[in-house]
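J.: sequence first, then the predicted structure, then my questions.
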Amino acid sequence: MGKKLESDHKVNKNIFLAALLFLLIFIVAGYSGIMLYDSYKKDTLEYDYSLLNQQVLLDDLYDNYLEDVNSQDEKCAILVNQLDSQLEVNKELFERLTLINKNAIVDTDNKLKYTYVLTNIKLWLHYNKITKECKDLNLTSGLYFYPEVKSDNSKREMLYAKTIVFQKKLQEFDKACNYDSFALPYLSYIPILNQIISDYNVTQSPAAVVNGKVIYEFPKDMNAEFYASYGCTLK
């Protein structure tokens with residue numbers, strides 16, 4: 001009997017030690033995981049800051065060059081190079097958004113998404129600058145406002161279904177006209193977005209702004225007359 005009790009005591013002791021060891025391993029693994037995640041977040045933030053800071057410096061350098069340029073051709077070449085560098089940053093930000101969601105569907109409350117939205121505005125403004133100063137390049141850009149609804153209900157699903165159809169028609173329009181449309185959320189509480197929304201009197205989304213005109217709905221069959229009304233001549 002005494003041996004059995006002693007044996008049971010050893011078994012219980014071994015179980016206790018095993019449980020304690022498992023708990024320690026779990027704590028160490030959890031702490032290591034937290035430290036690795038913090039390190040990853042820190043590296044990510046540093047990378048994002050470095051990426052944007054480099055673009056700011058590049059823009060300053062390009063602007064300095066533009067101040068001393070007298071040739072219109074050279075000026076346009078610099079503006080195009082500047083545009084290419086901005087497009088690269090925009091592409092990089094989009095790819096980083098796909099790490100969060102494979103379709104880059106991320107609310108604008110996310111800082112990375114907000115930065116991406118701001119770069120879209122910057123690109124649109126830069127396109128407009130090139131269009132005004134370098135007419136021979138024949139560059140045209142527009143804006144695409146999409147709804148960003150947080151509530152999950154049937155109205156949201158219907159709106160998103162409408163948005164998908166609108167987006168496909170807009171892509172067809174852009175391809176036919178060799179236009180570039182930059183996507184922005186239809187959010188009036190963000191000052192810079194509200195400024196653009198107010199400037200073009202966009203009253204709902206989805207919507208597109210092309211050559212100063214707002215499109216809320218594309219016809220089923222887009223003919224030459226429709227394209228021409230937005231400054232596009234089909235070849």
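T.: Now that the structure is in, tell me what you want to look at. Numbering: from 1, shown residues only.

J.: next secondary structure element downstream of the strand or helix carrying Glu95?
T.: Using DSSP states H and E, Glu95 sits within helix 72-100. Downstream of helix 72-100, the first helix or strand assigned by DSSP H and E is helix 111-133.

J.: the helix or strand just after that following helix to helix 111-133, inter-axis angle?
T.: Scanning forward in sequence from helix 111-133 by DSSP H and E, the next helix or strand is strand 141-146. Interaxial angle, strand 141-146 versus helix 111-133 (axes from the mean of the first three to the mean of the last three C-alpha atoms, to 10 degrees): 150 degrees.

J.: by contact count, what packs against whichever helix or strand comes after strand 141-146?
T.: For strand 141-146, the succeeding helix or strand toward the C-terminus, using DSSP H and E, is helix 154-177. Counting contacts by 3 or more C-beta pairs under 8 Å, 6 or more residues apart in numbering; DSSP states H and E, helix 154-177 is packed against strand 141-146, strand 180-185, strand 207-210, helix 224-228. For glycine as for every other residue, the C-beta is placed from the backbone atoms N, C-alpha and C.

J.: hmm, 10 Å instead?
T.: In terms of contacts (3 or more C-beta pairs under 10 Å, 6 or more residues apart in numbering; DSSP states H and E), helix 154-177 is packed against strand 141-146, strand 180-185, strand 207-210, strand 213-215, helix 224-228.

J.: now Lys102: how far from Glu95?
T.: Separation of Lys102 from Glu95 (C-beta to C-beta, to the nearest Å) stands at 11 Å.

J.: revised request: answer the last question for Glu225.
T.: Note on Glu225: its distance to Glu95, by C-beta to C-beta, is 39 Å.

J.: what does Thr140 give?
T.: Per C-beta to C-beta, Thr140 is found 26 Å from Glu95.

J.: cool, and Ala176?
T.: Ala176 sits at a distance of 27 Å from Glu95 (criterion: C-beta to C-beta).

J.: cool, Gln195 as well?
T.: Going from Gln195 to Glu95 by C-beta to C-beta gives 28 Å.
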